[in-house]
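[1] build me a structure from this.
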Amino acid sequence: MSEPIPATDPRRAARLAAVQALYQIALTGATPEAAITEFTGHRLSKPLEVGGTLGGDPQLFADLVRGAAEKRPELDRMISAVLTNDWTVERLEAVLLAVLRVGAYELSARPDLPARVAISEYVAIAGAFLGDRETGLVNGLLDRMARSLRPEAFEPGGRHGGGKASG
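    Numbers count the residues shown, from 1 in each chain. All right, here's what the predicted structure looks like:
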């Protein structure tokens, strides 16, 4: 696993918590609203095992959890489309799938976040929970997805293609 990711940035912390909430929803069958309530009422201000104090952006966190949960079938189709033929969404490990779902949601529903920044954020989050192989998989799959969803971001001088942006 990679170094713990600093959770001092409220937006990154919200993304990290959203991945954890989606993982919890997948394991326990909790509703998105129950997970949001638990995290915003308790966990968003507690220390995390992966480093730092969360202190996340509660609005972004709630949007990511609700959006990824509501659009789960669509997100799973997007993830499936970038997997190789011998892999299915059902074969992916739960944490890996949670990272991919939240990352896919941001790439598809939040054009205010540059594609390359979204990929970088979720690769860092994957590195906090997963090994190098899975982190590389997140990078490759989100890159393929982003190139399909936002081709202009990868053209030279393309909108939101490079440069600095706040995530």
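
[2] skipping its backbone neighbours, what lies nearest Ala69 in space?
    Pro32 (4.0 Å; CB to CB, 6 or more residues apart in numbering). C-betas here are computed from N, CA, C, even on glycine.

[3] for the protein, name the helix or strand with the lowest mean pLDDT.
    Every helix and strand of the chain was ranked by mean pLDDT, DSSP states H and E. The lowest is helix 32-41, at a mean of 88.

[4] for Gly103, see how far away Asp57 is.
    From Asp57 across to Gly103, the span is 17 Å (CB to CB, to the nearest Å).

[5] roughly how far apart are the residue nearest to Ala118 when sequence neighbours are not counted and Ala126?
    Spatially, and ignoring its direct neighbours in sequence, Ala118 is nearest to Glu106 (4.8 Å; CB to CB, 6+ apart). Separation of Glu106 from Ala126 (CB to CB): 14 Å.

[6] quick one, helices of the protein?
    All helices of the chain, identified by DSSP state H, fall at 10-28, 32-41, 58-70, 72-82, 94-109, 115-129, 132-149.

[7] report the angle between the fifth one and helix 10-28.
    Which is helix 94-109. Between helix 94-109 and helix 10-28, the angle comes out at 130 degrees (axes from the mean of the first three to the mean of the last three CA atoms, to 10 degrees).
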